[in-house]
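J.: please find the sequence and the predicted model below.
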Amino acid sequence: MMNKISLIAIGLLVQVAGLCQAVFPLKISANHRYLTDQRDTPFPILGRTAWFIVSQSEEGYKKFIANTLQHGYNSIEISVITHWPMGNHAPFNFNGDVPFLKRLDGKPWHGKLTYDSINTQAPDFTTPNEAYWSFVDRFLEYCELKGIAVFMFPGYTGYEGQEQGWMKELIANGIKTEKYGAWIASRYRNRKNIVWMLLGDMGKFNEDQKRAEALLIKGLKSVPGQQSVQYTAESHSGENAAENIHFGHEMTLNGSYTWELKVPVPYLARKAYAHNPIMPAFLLEEPYDEEGPDGNNYNPNATQPVRRFQWWGWLSTIGGYIAGNGYVWQFVDPIWQQHLDTRATFDMERLNGFIRSIPWWKLIPSGLNGMKTLVADPTNIDSAATYVSAAAASDGSLLVAYLPPAHRGKVTIDMSVLAKKTYGYWFDPTSGKYSMIPGAGLTNKGYRDFVPPGPNSRGEPDWVLLITTTPKRDN
């Protein structure tokens, strides 16, 4: 009897887990503001970069996916063919297989990415290596099994079309680039968990470059009956995907990308939300964890705490975010494994849990889409480091505001956007704990000042204000 009961309990747990996991493919909500799964369950993009994951063994990528799920992520971003020398073992997969078998002159290609004559020595994109792509097949299948959406570049172009990516090879392949796009779309026609990524840290194109990217996209979109039909892009830093002058019209999702602070995350992300025509917006890329002075010192803009970028980006786009770590994305052994569980990663785990704990899809950013300006402070501008990002539900049931590290003192909220009786809490983004704001309930009259409760658990000044009609049971 005990064994039978145990089996029933295990079965119920599996059913519950299945209900929590997204049913792919993803589609766009009725109001075009966010993604849903096939059950119309809102799907927040809670992403993590995994650029060179194909260079890992099956054991390695399964370890990464397990860690990713443990921290509450549901998406990853990858380059399915790799080029950048800074990453692990480009262009090979873990088994030493190359993605293409031959050069453009018909001779065997052995993975060399520098050329005396690129028009003859570059890989021929119409000669796929089955061993390489079978490895990718298994990886994508495993991600779908685990409920992970894969934001996948079939041909990452690279910064200014240089060594980070494949732009020069795409040009050299000419019309074969279109055939490659059609081939990879056909191969993964039935794969349900892909979001197709275009461009690749590049938004300005000369005529040859524009033609090559257009051919790739034409090929990708030429295959009928595909399960995965969402498209977005990483344009150049400071530009949203849908704003790209050449390819913005190809997007179904508006990825917001700023590698530098001269175009601040909230400013750009709010532009993405406000884009016309409306499409789901999300923070695609921002300064990475351990990519600045505290890490590999690659990006001076990546100063801690980097969680402020994701809180800003999520509350300004509503659709979600993708975050990265300066050591993990390269997947160089054993360094990447030593950086899976950084403080910032646990910050993201708390953010992921917070998002999932509320009806986030109801939120509208302050001052956009008919929402009132929520923070009553004329100096609260979205290009400032002190910017308090805020969003609320139109039915008055919810308001969330993030007070970043540079903000000091009180925040004044327009209470008229809220229901008659609400409850206020401070959420500590460094511990995950809530503290209730004193009072039996908040009213929706006029303006109210909220003063954060001092340093958070890490001794830093940023806090999250939550106002909701549903009182929390455990504070």
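T.: Sure thing, it's come through.
J.: what's the mean pLDDT across whatever helix or strand residue 350 lives in?
T.: Under the criterion DSSP states H and E, the helix or strand holding residue 350 is helix 343-356. Along helix 343-356, the predicted local confidence has a mean pLDDT of 98.
J.: one more: stretch 286-298?
T.: For stretch 286-298, the mean per-residue pLDDT is 96.
J.: centroid-nearest residue for this protein?
T.: residue 322 (2.3 Å; Cα atoms, centre = their mean).
J.: give me the element that residue is part of.
T.: With DSSP H and E as the criterion, the answer for residue 322 is strand 318-323.
J.: low-confidence ranges in this protein?
T.: Counting by pLDDT under 70, the chain shows low-confidence ranges at 1-19, 439-440, 474-475.
J.: before we move on, the earlier item: what sits up against the strand holding residue 322?
T.: Around strand 318-323, the neighbours that count as contacts under Cβ atoms under 8 Å, 6 or more residues apart in numbering are 33-35, 44-49, 75, 77, 151, 253, 273, 280-286, 288-289, 306, 309-310, 313-314, 344, 348, 355, 360-361, 363-365, 391. Every residue, glycine included, has its C-beta placed from N, CA and C.
J.: please apply the same query to stretch 178-188.
T.: Residues from elsewhere that reach stretch 178-188 (Cβ under 8 Å, 6+ apart): 80, 125-126, 128, 133, 137, 140, 154-155, 173, 194, 215-223, 226, 228.
J.: what residues are up against the closest residue to residue 42 other than its chain neighbours?
T.: Across the structure, with Cβ to Cβ, 6 or more residues apart in numbering as the measure, the residue nearest residue 42 apart from its sequence neighbours is residue 361 (4.1 Å). Contact partners of residue 361, counting by Cβ under 8 Å, 6+ apart, are 29, 33-34, 42, 44, 318.
J.: what about the residue lying closest to residue 112 once chain neighbours are set aside, distance to residue 212?
T.: Take residue 112 and drop its neighbours on the chain: the residue closest to it by Cβ to Cβ, 6+ apart is residue 121, 7.3 Å away. From residue 121 over to residue 212 the distance is 17 Å, taken as Cβ to Cβ, to the nearest Å.
J.: repeat for residue 272
T.: From residue 272 over to residue 212 (counting by Cβ to Cβ), the distance is 26 Å.
J.: check residue 127 too.
T.: The spacing between residue 127 and residue 212, counted by Cβ to Cβ, is 18 Å.
J.: of these two, who's got more company?
T.: Neighbours per residue, other Cβ atoms under 10 Å: of residue 127 and residue 212, the larger number sits with residue 212, 25 against 17.
J.: dump the residue contacts of the more buried one.
T.: Contacts for residue 212 were tallied using Cβ under 8 Å, 6+ apart; they are 167, 170-171, 173, 177.
J.: over to residue 163?
T.: 83-85, 113.
J.: how about residue 44?
T.: Taking Cβ under 8 Å, 6+ apart as the test, what residue 44 contacts is 34-35, 74, 319-320, 355-356, 360-361.
J.: top of the residues you listed by neighbour count?
T.: residue 319 (29 neighbours).
J.: and residue 309, how far from residue 337?
T.: The spacing between residue 309 and residue 337, counted by Cβ to Cβ, is 24 Å.
J.: more crowded one of those two?
T.: The residue with the greater number of neighbours, taking residue 309 and residue 337 and applying other Cβ under 10 Å, is residue 309; the counts read 26 against 17.
J.: so who does the more buried one touch?
T.: Residue 309 sits in contact with 265, 283, 286-287, 323, where contact means Cβ under 8 Å, 6+ apart.
J.: try 7 Å this time
T.: Taking Cβ atoms under 7 Å, 6 or more residues apart in numbering as the contact definition, residue 309 lies against 265, 286-287.
J.: which of the three states applies to it?
T.: Assigned by DSSP: H, G, I helix; E, B strand; the rest coil, the conformation of residue 309 is helix.
J.: now do residue 183
T.: State at residue 183, reduced to three classes by three-state DSSP: helix.
J.: the helices in the chain, which residues?
T.: Using DSSP state H, the helices of the chain run over residues 2-20, 58-70, 118-121, 130-145, 167-173, 176-187, 207-220, 265-274, 307-317, 343-356.
J.: residue 466: which of these is closest?
T.: Go through the helices of the chain one by one with Cβ to Cβ and the one that ends up closest to residue 466 is helix 343-356, at 8.2 Å.
J.: could you check the angle that closest one makes with strand 318-323?
T.: Between the axis of helix 343-356 and that of strand 318-323 there is an angle of 160 degrees, by axes from the mean of the first three to the mean of the last three Cα atoms, to 10 degrees.
J.: list of residues touching helix 343-356?
T.: When contacts are taken as Cβ under 7 Å, 6+ apart, the neighbours of helix 343-356 outside the stretch itself are 44, 46, 71-73, 289, 305-307, 310-311, 314, 323, 427, 429-430, 432.
J.: which of those fall within strands?
T.: 46, 323, 427 (DSSP state E).
J.: export the residues you listed to CSV and tack on neighbour count?
T.: Putting the ones in strands among the contacts of helix 343-356 into CSV (neighbours: other Cβ atoms under 10 Å) gives the following:
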residue, neighbour count
46, 26
323, 26
427, 21
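J.: of the residues you listed, just say which sits nearest to residue 442.
T.: Residue 442 has its nearest neighbour among the ones in strands among the contacts of helix 343-356 in residue 427, at 15.7 Å by Cβ to Cβ.
J.: you'd agree that closest one is up against residue 464?
T.: Yes. Between residue 427 and residue 464 a contact is recorded at 4.0 Å, counting by Cβ atoms under 7 Å.
J.: still on that earlier bit, write a PyMOL command that selects only the buried members of the contacts of stretch 178-188.
T.: Command for PyMOL that selects the buried part of these, burial taken from 16 or more other Cβ atoms under 10 Å:
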select buried, resi 80+125+126+128+133+140+154+155+173+194+215+216+217+219+220+221+223+226+228
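J.: residue 86 and residue 54, how far apart?
T.: Residue 86 is 15 Å from residue 54, by Cβ to Cβ.
J.: with residue 334 instead?
T.: The value you get for residue 334 to residue 54, if Cβ to Cβ is used, is 18 Å.
J.: which of the two has more residues huddled nearby?
T.: Taking residue 334 and residue 54 together and counting by other Cβ under 10 Å, residue 54 has the greater number of neighbours (27 against 6).
J.: so who does the more buried one touch?
T.: Residue 54 makes contacts with 80, 82, 93, 135-136, 139, as judged by Cβ under 7 Å, 6+ apart.
J.: no further questions, thank you.
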